[in-house]
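J.: From the sequence below, what's the structure:
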Amino acid sequence: MTAIPVSAVRNVRSNAMSRPDETRGAAIPPAGTCSAVVIERDGRAARIISEGAADAIVDTARIAFGCLIQPEPGDRVLTAAADGTVWIIAVLDRQSDAPPRLWAEGSIDIVSARGDISLTAGRAVEIGAGSRTRLAAPELELHAGVARFVLDELIHVGQRINWYVSKLRCVGEMVETFADHVLTRVKRSSRFVEESDHLRAGDIDHRAQGTLQLRGEVAFVTADTVVRVDAEQIHMG
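T.: Coordinates of the predicted model:
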């Protein structure tokens, strides 16, 4: 529940009543509508003070379903009476710096049957959801100078991933890869392992066009059947 002091409402009310008549010559509003100032709001219920009366009249009102801008205390609103209920049907003016908020208690659908929908902001655009955010489209484009993703878990299900980057860095405690076939083509490759390095394979084929060098403090070559060393020259020791 939000509210403003009645004294502040009187100031707003006096300022509104002392304004020059900017709508002189315009069409007269339908009977039963008048302007008021919101002094308190609780959900879709509000307390208002009518403008134009000699004495301050505090009344209760309901916020109409079509009033998408959420009224805040201090706002000048347009009210209408129907079936014994005073309804706030529009927000006319706001004295505070509170940003306008599109408000509904249920779901909201924004539909463009044959056109586009654009969201443009001079500073930032934020999307927040209590449970889930879903984007569905045949094609999705993202253009940004820097993109940050903070995720507890990432699951990708697709047929192909193509990366075209100048530098790719992956830092993690564990990296696991499960694939039927892995192909890597590079000009230069370096790998540094601080502790142990294990390789288990059915067959291993290492070929070098230039020099093949294996060096270690202790080296073992063990075979169950045959060990073959073939070269034009063999130096040992």
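J.: Now the residue positioned nearest the centre of the chain. Nearest residue, chain neighbours left out?
T.: Centroid-nearest residue in the chain: I127, 3.5 Å away (criterion: Cα atoms, centre = their mean). Sequence neighbours aside, T133 is the residue nearest to I127 in space, at 6.2 Å (criterion: Cβ to Cβ, 6 or more residues apart in numbering). Any C-beta I mention is one placed from the backbone N, CA and C, and that applies to glycine too.
J.: Just the pLDDT for that neighbour.
T.: pLDDT recorded at T133 is 90.
J.: what stretches of this protein score poorly on pLDDT?
T.: For the chain, the stretches with pLDDT under 70 are 1-32, 52-56.
J.: That one: helices as residue ranges?
T.: If DSSP state H is used as the criterion, the helices of the chain fall at 6-18.
J.: Can you show me the strands along it?
T.: Applying DSSP state E to the chain gives strands spanning 2-3, 33-42, 45-50, 58-63, 76-82, 85-93.
J.: Just name whatever secondary elements the fourth one is in contact with.
T.: Same thing as strand 58-63. strand 33-42, strand 45-50, strand 85-93 (3 or more Cβ pairs under 8 Å, 6 or more residues apart in numbering; DSSP states H and E).
J.: Let me have these in TSV, adding mean neighbour count as columns.
T.: Compiled in TSV, the helices and strands packed on strand 58-63 are given as follows (neighbours: other Cβ atoms under 10 Å):
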stretch	mean neighbour count
strand 33-42	21
strand 45-50	20
strand 85-93	17
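J.: and T225, how far is that from A90?
T.: Using Cβ to Cβ, to the nearest Å, T225 is found at 92 Å from A90.
J.: actually G130, not the one I wrote
T.: 29 Å.
J.: Kindly report the same for H143.
T.: In this view, H143 and A90 are 38 Å apart by Cβ to Cβ.
J.: what's the closest of the strands of the chain to I69?
T.: Closest to I69 of those is strand 85-93 (Cβ to Cβ; 4.6 Å).
J.: strands paired with the closest one, and their directions?
T.: Using DSSP bridges, strand 85-93 pairs in its sheet with strand 58-63 (parallel), strand 76-82 (antiparallel).
J.: mind checking how far the first one is from the chain centre?
T.: Using Cα atoms, centre = their mean, to the nearest Å, the mean C-alpha position of strand 58-63 is found 35 Å from that of the whole chain.
J.: quick one, that strand and strand 33-42 angle?
T.: 90 degrees (axes from the mean of the first three to the mean of the last three Cα atoms, to 10 degrees).
J.: before we move on, back to that, could you identify which of the strands paired with strand 85-93 is most buried?
T.: strand 76-82 (a mean of 19; mean count of other Cβ atoms under 10 Å).
J.: Contacts for that strand, please.
T.: Residues outside strand 76-82 that contact it (Cβ atoms under 8 Å, 6 or more residues apart in numbering): 12, 16, 29-30, 32-38, 48, 50-51, 61, 71, 86-95.
J.: Stretch 96-109 now?
T.: G43, R44, L68, I69, Q70, E72, G74, V91, R94.
J.: quick revisit: turn the strands of the chain into JSON lines, including distance to T177.
T.: Converted to JSON lines, those look like this (distance: least, Cβ to Cβ, whole Å):
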{"stretch": "strand 2-3", "distance to T177": "54"}
{"stretch": "strand 33-42", "distance to T177": "56"}
{"stretch": "strand 45-50", "distance to T177": "59"}
{"stretch": "strand 58-63", "distance to T177": "56"}
{"stretch": "strand 76-82", "distance to T177": "61"}
{"stretch": "strand 85-93", "distance to T177": "57"}
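J.: and D230, which of those is closest to it?
T.: Nearest of the strands of the chain to D230, taken as Cβ to Cβ: strand 2-3 at 88.3 Å.
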